[in-house]
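Novice: A structural model of the following input is requested.
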Amino acid sequence: MRRRRLPRALVLTSWLRHSAEHGGPPSASAVVPTLALRVRPLKTGTTAARRNLRRLEGSSGRRRTSANLRAWRRRAARTLGRFGLEAVAAVVPRRPHSVIYGVPDTEGNAVEVARYLVGDKRTRVIWLTQAGDWREIAWTLAGVPHEGSLRVVPKRSLRGLAHFITASRAFYTHVLYLDPRPVRGRIYVNLWHGDGPKLVRTLRSRRPADSVIVAGTALWGANKARAVGLGDKQLLLVGNPRIDQFARPANDESLAHLSLDPRRPFLVWAPTFRTARHGRRLWSDTELLTRATTGPGLGEPGDADGAAPEVVIKPHPLDADDYREYGFPIVDEPALRRAGIGFYQFLARSACLVTDYSSVWTDYLPLDRPVGFYCPDLEEYAQARDIDLDEFRSLLAGPLLRSPEEMLEFCRAVVDGADPGRAERARAIERLGAVVELGATGRLMSAVEEMERTGSPPTQANQRT
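Specialist: Model prediction:
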């Protein structure tokens, strides 16, 4: 079998540079081989060391070229696949059913759209999930009869793809099936997953593939529309559908299931992720919050008299961090699922919200309750996500908390009955153009029905009515 021509030895580049600069290799104890291979002895001496270094650097360059070629091939394959899906959709007639897809499966916007459509019963609903098991999402439809009008199908399946290609409507929070454009009267609604400061103006605009995109604020909604290649006319400023869960707050039994005392006020601390994990993918913005800072110091032993506020941590669904070392109760997605409630139903019972760069606080505004912003890593995170610090500070709907002591003071003030940041909250609503009226899902469906009748979205003046 023909042997591939590869470098016969992989050693530290510093080893070779040392040889080039000093006329010989360093001592053997200073050398740590990076990989054990069949080794051809490297010649020593200044000239030979430089030749060896060029050989390894050339190999590194070839590897970079190979990686670039593989990335180009993947992009080309996606483009061809996208065109193929659009071509199939152009010849296959659409059918009167709606497709829903969220990440995670029970993401609030996707859940509320599913509840509305299933309850409306005018269209068959196909819910695309990771496993395709209706038992994993059935609890989100509590109180809504769904027998006969809902099918749960694995997203990674030919059936799921066929349902999407033939659907009259598709509602999704993330890219679905290579992101093809809607053709032949189909309507693709990008629900997204919130409005927040991470939606900066410098986001790179991509090829448009949505009919419309949903937003809860005019300012960040415009940035969001621009990022997906849409204009202001394709922006539906109706509010995020998940805020409708505020009208169905968690009951005492659900809170008890989460090991919380329903009689005691609690504050929700909902930090966004610094490092995210979704399946096998892992990506990072800054250092993990638990490594970059200590906990706020609330709820230590000795607070059994109830004087200290009850602080509950709600991690982001994709967060790779572990907050158990803070010692607070943690309410994550599996815990909410076991209690049979959505995150925003849980939030509806909270006394206040502490967050940071997450979009959750813009959805919290309809409750008109205190919001604090615990950002101990503000400068690092702003640099990583290209956030304008001056704009960020000017748009906050409450006090900026930079230390555990400031967060402690804010939480105690709320428990004592104060409303810190009330003026900032009213100012933020006005500056952001935030939607604070419930009924977002109904407004969204009215806008989609008008698009089906007229072929174009309603004006923003008519979207909030």
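Novice: Val189 belongs to a strand?
Specialist: Yes. According to DSSP: H, G, I helix; E, B strand; the rest coil, Val189 belongs to a strand.
Novice: hmm, it is touching Arg169, no?
Specialist: Yes. Val189 is within contact range of Arg169, at 6.9 Å (criterion: Cβ atoms under 8 Å). (Each C-beta comes from the backbone N, C-alpha and C, glycine too.)
Novice: what are the ranges of the strands in this structure?
Specialist: Using DSSP state E, the strands of the chain run over 95-101, 124-129, 150-154, 167-172, 187-190, 212-215, 235-237, 266-269, 275-278, 281-284, 310-313, 352-355, 371-374, 400-401.
Novice: and those as a markdown table, adding distance to Ser456 and mean pLDDT?
Specialist: As requested, those are exported to a markdown table (distance: least, Cβ to Cβ, whole Å; pLDDT from 0 to 100):
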| stretch | distance to Ser456 | mean pLDDT |
| --- | --- | --- |
| strand 95-101 | 20 | 96 |
| strand 124-129 | 25 | 96 |
| strand 150-154 | 30 | 96 |
| strand 167-172 | 16 | 97 |
| strand 187-190 | 11 | 97 |
| strand 212-215 | 10 | 96 |
| strand 235-237 | 12 | 96 |
| strand 266-269 | 40 | 94 |
| strand 275-278 | 35 | 82 |
| strand 281-284 | 37 | 80 |
| strand 310-313 | 44 | 91 |
| strand 352-355 | 36 | 96 |
| strand 371-374 | 36 | 96 |
| strand 400-401 | 41 | 94 |
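Novice: kindly reformat those strands as TSV containing mean neighbour count and distance to Ile137.
Specialist: Below are the strands of the chain laid out as TSV (neighbours: other Cβ atoms under 10 Å; distance: least, Cβ to Cβ, whole Å):
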stretch	mean neighbour count	distance to Ile137
strand 95-101	20	10
strand 124-129	24	6
strand 150-154	18	6
strand 167-172	25	14
strand 187-190	24	19
strand 212-215	26	20
strand 235-237	23	24
strand 266-269	23	24
strand 275-278	16	18
strand 281-284	11	22
strand 310-313	21	24
strand 352-355	25	26
strand 371-374	26	30
strand 400-401	18	36
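Novice: what's the closest of those to Asp332?
Specialist: strand 310-313 (8.5 Å; Cβ to Cβ).
Novice: hmm, who's touching the closest one?
Specialist: Taking contacts as Cβ atoms under 8 Å, 6 or more residues apart in numbering, the residues outside strand 310-313 that touch it are 260-261, 264-271, 296, 298-299, 323, 326, 328-331, 350, 354, 411.
Novice: still on that earlier bit, got CSV for the strands of the chain, with distance to Arg291 too?
Specialist: Shown next, in CSV, are those (distance: least, Cβ to Cβ, whole Å):
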stretch, distance to Arg291
strand 95-101, 34
strand 124-129, 33
strand 150-154, 37
strand 167-172, 34
strand 187-190, 34
strand 212-215, 34
strand 235-237, 38
strand 266-269, 17
strand 275-278, 10
strand 281-284, 11
strand 310-313, 16
strand 352-355, 19
strand 371-374, 16
strand 400-401, 19
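Novice: my read is that Met445 contacts Arg115, right?
Specialist: No. Met445 is not in contact with Arg115 according to Cβ under 8 Å; the separation is 11.3 Å.
Novice: the more surrounded of the two?
Specialist: Arg115 (22 against 19; other Cβ atoms under 10 Å).
Novice: who's in contact with the more buried one?
Specialist: Taking Cβ under 8 Å, 6+ apart, one finds 140-141, 144, 441 in contact with Arg115.
Novice: got it, and Gly239?
Specialist: Per Cβ under 8 Å, 6+ apart, neighbours of Gly239: 216, 435-440, 443, 464.
Novice: at 7 Å what do you get?
Specialist: By Cβ atoms under 7 Å, 6 or more residues apart in numbering, Gly239 lies in contact with 216, 435, 437, 440, 443.
Novice: and if you look at Glu450?
Specialist: Pro458.
Novice: any idea how far Val99 is from it?
Specialist: 20 Å (Cβ to Cβ, to the nearest Å).
Novice: by neighbour count, which of the contacts of Arg115 wins?
Specialist: Thr441 (25 neighbours).
Novice: what's the pLDDT at the residue nearest to that one when sequence neighbours are not counted?
Specialist: Once flanking residues are discounted, Thr441 sits nearest to Pro241: 4.1 Å by Cβ to Cβ, 6 or more residues apart in numbering. Turning to Pro241, the model gives it a pLDDT of 98.
Novice: would you confirm that Pro241 contacts Gly442?
Specialist: No. If you go by Cβ atoms under 7 Å, Pro241 and Gly442 don't touch, sitting 9.1 Å apart.
Novice: among the strands of the chain, which is nearest Pro197?
Specialist: So among the strands of the chain, strand 371-374 is nearest, using Cβ to Cβ, at 9.8 Å.
Novice: how far does the closest one sit from the chain's center?
Specialist: Per Cα atoms, centre = their mean, to the nearest Å, the displacement of strand 371-374 from the mean C-alpha position of its chain is 19 Å.
Novice: then stretch 97-114?
Specialist: Relative to where its chain is centred, stretch 97-114 has its mean C-alpha point 14 Å off (Cα atoms, centre = their mean).
Novice: over to stretch 238-256?
Specialist: Using Cα atoms, centre = their mean, the offset of stretch 238-256 from its chain centre is 20 Å.
Novice: now, which of the contacts of Arg115 sits nearest Pro249?
Specialist: Nearest member of the contacts of Arg115 to Pro249, counting by Cβ to Cβ, is Thr140, at 15.5 Å.
Novice: and stretch 177-197, which residues are buried?
Specialist: 177-183, 186-197 (16 or more other Cβ atoms under 10 Å).
Novice: how near is Thr123 to Ala215?
Specialist: 24 Å.
Novice: spatially nearest residue to Arg151 (excluding sequence neighbours)?
Specialist: Ile126 (5.3 Å).
Novice: so the one you found touches Lys155, yeah?
Specialist: No. Ile126 lies out of contact with Lys155 (Cβ under 7 Å); the separation is 10.3 Å.
Novice: helices along the stretch 151-300 of the chain, start to end?
Specialist: 158-166, 218-227, 252-257, 289-292 (DSSP state H, counting those that start in this stretch).
Novice: re the thing from before, could I get the contacts of Gly239 in JSON lines, plus columns for neighbour count and pLDDT?
Specialist: Converted to JSON lines, the contacts of Gly239 look like this (neighbours: other Cβ atoms under 10 Å; pLDDT from 0 to 100):
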{"residue": "Gly216", "neighbour count": "30", "pLDDT": "96"}
{"residue": "Val435", "neighbour count": "27", "pLDDT": "96"}
{"residue": "Glu437", "neighbour count": "12", "pLDDT": "97"}
{"residue": "Ala440", "neighbour count": "24", "pLDDT": "97"}
{"residue": "Arg443", "neighbour count": "23", "pLDDT": "97"}
